[in-house]
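> model the structure of this input:
(one chain, ligands or ions: 1)
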Amino acid sequence: ILGGYEAKPHLRPYMASLQLDGQHVCGGFLIAEEWVLSAAHCTEETDGKVFQVLLGAHSLTEPEPHKRLYRVRAQIPHPGSNIHNNKDDLLLLQLEEKAELNVHVQVLPFQREDRDVAADTVCEVAGWGTISHSGHRPDKLYQVERPVISRDVCNHRTRHDHTITEKMMCTDSRRKDTCKGDSGGPLVCNGVAEGVVTAGSRVCGNYKKPAIYTRIAPYVAWIDSVMASAAV
Ligand SMILES: O=C(O)c1[nH]c2ccc(F)cc2c1NC(=O)[C@H]1C[C@@H]1c1ccccc1
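Numbering: from 1, shown residues only. Next up is the predicted model:
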């Protein structure tokens, strides 16, 4: 998160850190007791290794009450996701057991109505991604507020040049922005998850390249069917 600030501990009890060998790789968030939603690109370069999911954390390293690392039973990337573009950049992770819900671990509702969030709506995004252009990796969760920008503005030739589909949305990236390591986290507007930070590599903090999110509402049928089919 660039240009943001340290989050109030445990005010975002849905936040997940996807880890490999104890290292944070991407964000994610709890959408059901045993399901985390993240970004499919985050599984690239992991040569088939399965993530572990850290829940209930504010600090990535310090011992905290209710902080717990969960094993993953299944990782299901959206079938349309691929390494060449940002399309269908979603990943569902089934935890090996239901997460123990408490004051520090809670589910975040996601938007089910497929309607664009109005431009200028101020949403918030949090993560353990880089907090400086030099790539400093924070130990604590950071957050930042960002206004939604219209798809037409985001698709301008000088911005993302008509690559933003109706299943994506954008926020202004002037100074304050998401960055590497924040991918997979939720864009929260009025307390509801509207988007997932895409994990395609992108420059951060440059107003000419707005942040891109996968909208969740267009994928409700896929999410519900995967959760229903794999229910333990
Ligand atoms: O965050 C992303 O956009 C992104 N997209 C990817 C694609 C493949 C892939 F193998 C990884 C990623 C990845 N995450 C990262 O590189 C994480 C490792 C880096 C990081 C940054 C800040 C703090 C901790 C760790």
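> how about the most centrally placed residue in the chain: what's its closest non-neighbour residue?
By C-alpha atoms, centre = their mean, the mean C-alpha position of the chain lies nearest to G185, the distance being 1.7 Å. Excluding the flanking residues, the one nearest G185 by C-beta to C-beta, 6 or more residues apart in numbering is G27, at 3.1 Å. For the C-beta atoms, the positions are set from N, CA and C on the backbone; glycine is no exception.
> can you report how many residues neighbour the residue of the chain found nearest the ligand?
Relative to the ligand, the nearest point of the chain is G181 (2.6 Å; C-beta to the nearest ligand atom). G181 has 25 neighbouring residues, counting by other C-beta atoms under 10 Å.
> tell me the pLDDT of it.
At G181, the model reports a pLDDT of 97.
> and the residue lying closest to it once chain neighbours are set aside, what's its pLDDT?
Among residues not flanking G181 along the chain, G129 sits closest, at 3.0 Å (C-beta to C-beta, 6+ apart). We have a pLDDT of 98 for G129.
> checking G129 next. Helix, strand or coil?
Applying DSSP: H, G, I helix; E, B strand; the rest coil to G129 yields a three-state assignment of coil.
> repeat that for S17.
strand.
> the longest helix along the chain: how far from the chain's middle?
Criterion DSSP state H: the longest helix present in the chain is helix 220-229. Relative to the chain's own centre, helix 220-229 is displaced by 18 Å; criterion: C-alpha atoms, centre = their mean, to the nearest Å.
> just the buried positions in it, please.
In terms of neighbour count (16 or more other C-beta atoms under 10 Å), helix 220-229 has its buried residues at 222-223, 226-227.
> check contacts around the residue of the chain closest to the ligand.
If you count contacts by C-beta atoms under 8 Å, 6 or more residues apart in numbering, G181 has them with 24-27, 127-130, 137.
> residue ranges with poor pLDDT in the protein?
Filtered on pLDDT under 70, the chain yields the residue ranges 232.
> residue boundaries of the strands in it?
Using DSSP state E, the strands of the chain run over residues 5-6, 15-20, 23-32, 35-38, 52-55, 68-77, 91-95, 122-127, 142-149, 168-171, 186-189, 192-197, 211-215.
> how close does the residue of the chain most remote from its centre get to T163?
Centroid-distance maximum for the chain: R157 at 26.2 Å, with C-alpha atoms, centre = their mean. Separation of R157 from T163 (C-beta to C-beta, to the nearest Å): 11 Å.
> quick one: end-to-end distance for stretch 179-191.
One end of stretch 179-191 sits 22 Å from the other (C-alpha to C-alpha, to the nearest Å).
> oops, could you answer that again for stretch 61-68 instead?
So stretch 61-68: terminal residues 12 Å apart, C-alpha to C-alpha.
> quick check: K98 touching W35?
No: K98 is beyond contact range of W35, at 9.5 Å (criterion: C-beta atoms under 8 Å).
> and these two? Which one has more around it.
Set side by side, K98 and W35 show more neighbours around W35, with 23 against 12, by other C-beta under 10 Å.
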